[in-house]
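> Okay, structure incoming, though there's no sequence with it:
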């Protein structure tokens, strides 16, 4: 039996004779079905060719490239701030040992100056970025910050070929000012990136975090290669910073490509805070999204935030301000390992490799979960590394004795120090999004960046005092 089905609106005018011919019929037969053209659930886009994973790795590298390239170029800065002799002013006729055999005040304190000039703007703008996340688009913050960092890095590269022997103090001010601006921009870039990656699964968080450690490895290897080619500090410094320019440019292009990917757009869609409310009258109404409660988010992430602060406070208190002064027990005996490669390999490369290993381990062994205060306790125990590094062979020293002279002991301490840094900071960052609602993940991850910046700032300030106590 066929029944006519009127598909016209109920309140429309009465159908005319011509319109009535359009009335459709449907046969009451169970074997007949009309497929729904729109799927009930839209499938999640796939990460094509693991592009997002690779780009997050690259962006993670980019967060630390400016800082690590400035810090790791120790040989170049030691040349720029060396003791000037009248006969050799403006020349490159210096060996590595001659540059360091009688360190000037600028050479001894320069790394700590860099730490402070980076830490203060980094902390300030990481905090500011927490509130900018809802006022300025993430695309604007990501693109503008990367572009300005690239321009300032080009300017730093140009200064490599400029003779600054007669105005070292002025060059110091220019360098520290440039570094401060770069780190303010890096804070905006890194804080925004943390907010973005907080919307993705732990796999992508580990990729970004691993990229940060990989950036340290990359810069350390670049510095070692520049020393290995045997060129002057000026030539090796030029090659070193040009490589940094290329990496920054490549990262900038990669992010623009990533933003066009459906997989990225899918995760960046802001999910509604409440489900639709169906009333008795079959009307659908949506509850307005409430304002973000920064206080509620802060309370929930506090243990992990304190962990992040503690980890970087301890790390920056001694690395690299104190560790860059630690010399091999065979320094000055004419061996390349002791005189040239010890600091780049042990202080920078070994630490960066250990840090990277720790971050990878945290992605495999996520422990302890659901025990945030235990994670914090482990991070507080790392404070024991501060007195341990202080009694290593850091030179010059005036007050404290040296109890650990062995290169092997120092290397083992550095490895443990680095692995614990990478493991604990990544554990805190991975677990933070799990204690807040999905719509609060971006703000929570950005707040973690503020805790990180606060730890870097206070730790860097302490490093200056520790150097004076050696």
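On my side now, so go ahead. The structure displayed is predicted, hence computed values, not measured ones.
> Could you look up the SS state of residue 400?
The three-state label given to residue 400 by DSSP: H, G, I helix; E, B strand; the rest coil is coil.
> dump the residue contacts of residue 114.
70, 71, 176, 179 (C-beta atoms under 8 Å, 6 or more residues apart in numbering). Where C-beta positions appear, they are placed from N, C-alpha and C, glycine not excepted.
> Any figure for the gap between it and residue 316?
Here residue 114 is placed at a distance of 11 Å from residue 316 (C-beta to C-beta, to the nearest Å).
> Does the residue sitting nearest the centre point of the chain lie in a helix or a strand, and which?
Central residue of the chain (C-alpha atoms, centre = their mean): residue 63, 4.2 Å from the mean position. In this structure, residue 63 sits in helix 51-72 according to DSSP states H and E.
> which secondary structure elements does that helix contact?
helix 105-132, helix 138-159, helix 168-197, helix 202-228, helix 233-259, helix 262-268 (3 or more C-beta pairs under 8 Å, 6 or more residues apart in numbering; DSSP states H and E).
> redo that, cut-off 7 Å
helix 105-132, helix 168-197, helix 202-228, helix 233-259 (3 or more C-beta pairs under 7 Å, 6 or more residues apart in numbering; DSSP states H and E).
> now the angle from it to helix 168-197?
Orientation of helix 51-72 against helix 168-197 (axes from the mean of the first three to the mean of the last three C-alpha atoms, to 10 degrees) gives an angle of 160 degrees.
> about what we covered before: between the contacts of residue 114, which sits nearest residue 312?
residue 71 (14.2 Å; C-beta to C-beta).
> Pull the number of nearby residues for the closest one.
23 (other C-beta atoms under 10 Å).
> Moving along the chain from the helix holding residue 63, name the first helix or strand you hit.
helix 74-80.
> Disregarding flanking residues, what is the spatial nearest neighbour of residue 116?
residue 460 (5.1 Å; C-beta to C-beta, 6 or more residues apart in numbering).
> Isn't the one you found up against residue 316?
Yes - assessed by C-beta atoms under 7 Å, residue 460 is found in contact with residue 316 at 4.9 Å.
> Look at the residue lying closest to residue 57 once chain neighbours are set aside and report its pLDDT.
Leaving aside its chain neighbours, residue 57 sits nearest to residue 211 (4.1 Å; criterion: C-beta to C-beta, 6+ apart). Listed pLDDT for residue 211 reads 91.
> Same check on residue 96?
At residue 96, pLDDT is 56.
> shared neighbours of residue 460 and residue 316, which are they?
Both residue 460 and residue 316 are in contact with residue 115, where contact means C-beta atoms under 7 Å, 6 or more residues apart in numbering.
> Where does pLDDT dip in the protein?
1-42, 86-102, 270-290 (pLDDT under 70).
> re earlier: could you measure from the residue nearest to the centre of the chain over to residue 385?
24 Å.
> do residue 192 as well
In terms of C-beta to C-beta, residue 192 sits 31 Å off from residue 385.
> which of those two has more neighbours?
Legend: neighbour count by other C-beta under 10 Å for residue 192 and residue 385, higher for residue 192 (25 against 20).
> Wait, the more buried one touches residue 143, no?
No - between residue 192 and residue 143 there is no contact under C-beta under 7 Å: 10.2 Å.
> Okay, and the residue nearest to residue 116 sits in which element?
Going by DSSP H and E, residue 460 is in helix 441-469.
> Can you check the distance spanned by stretch 397-412, start to finish?
Distance between the two ends of stretch 397-412: 22 Å, counting by C-alpha to C-alpha, to the nearest Å.
> Beyond the helix or strand encompassing residue 386, next helix or strand please.
Assessed by DSSP H and E, residue 386 sits inside helix 385-390. The element immediately downstream of helix 385-390 (helix or strand, assigned by DSSP H and E) is helix 407-431.
> Other residues contacting that following helix?
For helix 407-431, contacts defined as C-beta under 7 Å, 6+ apart pick out 202, 205-206, 209, 213, 304, 307-308, 311, 315, 326, 328-329, 346, 350-351, 354-359, 361-362, 366, 369, 375, 378-379, 382, 385, 388, 392, 404, 448.
> Identify each buried residue in it, please.
The neighbour-count check on helix 407-431 (16 or more other C-beta atoms under 10 Å) flags 407, 410, 413-415, 417-431 as buried.
> ditto for stretch 262-271
Quick answer for stretch 262-271 (16+ other C-beta under 10 Å): 263, 264, 267.
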